[in-house]
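*Asks:* Structure for the following, please:
(one chain, ligands or ions: 3)
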Amino acid sequence: MRIVMKYGGTSVGNAKRFLNTANIAIDNYRNGNEVVVVVSAMSGVTDMLLEAANKSLKGEDIAPLINDLRNKHFDACEHIKKAELWKIAKDGINTLLVDLEKSLIGVHYLGELSPRSRDRIVSFGERLSSLILSKTIESLGVPSDKVDAFYLVVTDNNFGEAAVLFDESYKKSSEFLEPMLKKGMIPVVTGFIAKSKDGDITTLGRGGSDYTASIIGAGISADEIWIMTDVDGIMTTNPKICSNAYTIPEMSYLEAMELAYFGAKVLHPRTIEPAVSKNIPVRVKNSMSDSSGTLILKDTTANHKVIKAISIVENAAIVYVSGAGMIGVPGVAARVFKALGDHNINVYMISQGSSEANISFVISEKDIEKSESALRKTFPTKDLVRDISHIKGVNIISAVGKGMKGAVGTAARLFSAISKDNVNILMISQGSSEVSISFVVSKEDGHKAIRAIHKEFLE
Ligand code: ADP
Ligand code: ASP
Ligand code: MG
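*Replies:* Ligands and ions are numbered 1, 2, ... in the order given. Prediction:
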């Protein structure tokens with residue numbers, strides 16, 4: 001079987017975890033499988049790199065941060081037992097850190113941190129971890145090498161959240177990785193990072209290593225894609241929010257997509273798409289335990305629960321666009337959403353008042369300024385759109401499950417469960433696929449709402 005295994009930051013959080021991860025990959029390889037590993041930066045490193053970028057911009061001293069990064073990665077090499085491999089890893093770490101320092105100094109002197117330089121700076125996290133993991137595997141006796149995903153994944157140049165050019169990425173992944181597999185190697189690919197057609201380093205959005213695994217899996221026609229993380233698979237909700245959450249053994253692609261799209265951090269929102277295109281099963285498993293995890297397939301056998309899982313998007317905002325002049329004027333909504341689309345703003349939910357005098361939609365808080373300025377450019381005078389306003393700090397809660405399809409009364413049961421806890425609902429939307437219901441509440445009510453729905457439907 002050909003398996004692409006992705007390991008998140010906690011699975012390479014220290015030397016012991018690197019060893020554990022290397023051993024899982026090797027066990028599967030020795031059982032006769034072809035294994036490609038995709039790896040994230042060590043936990044905390046992407047945030048440290050972003051902090052370093054911001055510090056450089058402000059002219060602060062970044063030497064201590066670089067030192068911390070060096071120590072953290074050197075410590076992680078503890079289980080590279082062969083001296084020559086240990087040396088390759090340490091020299092490689094030093095070379096990468098010198099390169100990182102140059103990029104940071106550039107930011108400092110220019111006094112400017114563009115999205116392009118930010119992507120270049122955060123790319124070092126995965127480049128460091130993939131080097132250490134491949135040398136750890138090699139020191140355990142299996143040929144391995146690190147692969148920078150910029151040779152495999154091609155994107156546009158929307159830095160920070162670049163869009164993948166699939167055909168090219170699939171072709172490159174297969175051309176680059178298949179010969180390595182034929183030679184009996186375990187390639188260790190950097191997650192999260194890619195290159196644009198113009199040759200600039202790009203990233204796929206926070207948590208993007210899951211997506212890398214799926215893109216590569218589709219590119220080399222893997223039999224399975226494994227997302228190895230720090231929990232026992234996809235659970236009924238985030239166990240950090242609700243201690244009664246438990247693992248879901250099987251989900252459909254559609255359910256997993258809805259859940260990931262609406263905030264379940266365990267999967268990057270776009271992870272499932274490439275897998276769907278090639279009908280590849282995705283497993284989500286704990287890298288620290290033997291539990292069987294969650295299997296995501298095209299279709300699943302019946303599950304009698306109406307709602308299978310609940311997710312949350314935090315730090316969202318509702319934007320209100322209104323004006324009496326909008327009534328009866330065709331095309332206003334189209335112009336609103338075209339303006340947002342042209343600026344790469346992701347809209348989670350939409351609602352239009354029946355009077356046609358207002359449209360409201362939900363976006364990520366970080367996009368408020370960008371969306372309001374895009375809308376003002378589209379509607380420069382106040383005769384059509386008079387007011388554009390927003391509420392920040394809201395949560396989107398989504399209940400997902402294909403059992404909802406045609407199950408009369410689910411919404412009533414759900415809203416009655418949360419109203420008992422005095423949760424005030426700001427907006428509601430039902431997915432057209434009927435596998436999800438989403439609603440918006442203030443951030444004070446978000447976790448309370450999740451626990452109430454969990455109790456009503458899943459306990
Ligand atoms: P990794 O570093 O392995 O990519 P992440 O932190 O990105 O791991 O994702 C795993 C985390 O996702 C879990 O620790 C958990 O807190 C969170 N999470 C959110 N929703 C869910 C869910 N429905 N099931 C499991 N984990 C979830
Ligand atoms: N290292 C990146 C992040 O922290 C990507 C990932 O972990 O998947 O967002
Ligand atoms: Mg993740």
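*Asks:* so where do the strands sit in the stretch 101-250 of the chain?
*Replies:* Under the criterion DSSP state E, counting those that start in this stretch, the stretch 101-250 of the chain carries strands at the ranges 144-147, 154-155, 186-190, 193-196, 201-203, 224-229, 250-252.
*Asks:* what about those strands, which gets the closest to G331?
*Replies:* Nearest of those to G331, taken as CB to CB: strand 154-155 at 31.9 Å. (Glycine included, C-beta is placed from N, CA and C.)
*Asks:* roughly how far out does that closest one sit from the chain middle?
*Replies:* Centroid displacement of strand 154-155 relative to its chain, using CA atoms, centre = their mean, to the nearest Å, is 17 Å.
*Asks:* sorry, back to before: right, and the strands of the stretch 101-250 of the chain - which one's nearest F262?
*Replies:* Among the strands of the stretch 101-250 of the chain, the nearest to F262 by CB to CB is strand 250-252 (13.8 Å).
*Asks:* which of the residues in stretch 390-407 are buried?
*Replies:* 390-391, 394-404 (16 or more other CB atoms under 10 Å).
*Asks:* ugh, typo on my part, it should be stretch 132-146
*Replies:* Neighbour-count burial for stretch 132-146, with 16+ other CB under 10 Å as criterion, is recorded at 132-140, 142, 144-146.
*Asks:* looking at it, V336 is touching T378, isn't it?
*Replies:* Yes: taking CB atoms under 8 Å as the definition, V336 is a contact partner of T378 at 7.3 Å.
*Asks:* More neighbours: which of those two?
*Replies:* V336 (25 against 16; other CB atoms under 10 Å).
*Asks:* ok, the buried residues of stretch 132-146 vs ligand 3, which is closest?
*Replies:* The nearest member of the buried residues of stretch 132-146 to ligand 3, counting by CB to the ion, is L133 at 16.3 Å.
*Asks:* number of nearby residues for the residue lying closest to the closest one once chain neighbours are set aside?
*Replies:* Spatially, and ignoring its direct neighbours in sequence, L133 is nearest to V188 (4.9 Å; CB to CB, 6 or more residues apart in numbering). V188 is flanked by 29 other residues according to other CB under 10 Å.
*Asks:* Now do V188, the pLDDT please.
*Replies:* If you check V188, the pLDDT there is 98.
*Asks:* do the same with the one 5 residues further on
*Replies:* On pLDDT, I193 comes in at 98.
*Asks:* now do D383
*Replies:* What the model reports for D383 is a pLDDT of 87.
*Asks:* tell me the contacts of it?
*Replies:* Going by CB atoms under 8 Å, 6 or more residues apart in numbering, D383 touches G323, G325.
*Asks:* Now do the SS call for it.
*Replies:* Taken by DSSP: H, G, I helix; E, B strand; the rest coil, the conformation at D383 corresponds to coil.
*Asks:* Not including adjacent chain positions, what is the nearest residue to M404?
*Replies:* T410 (5.1 Å).
*Asks:* any idea how far that neighbour lies from V440?
*Replies:* Distance, T410 to V440, using CB to CB, to the nearest Å: 18 Å.
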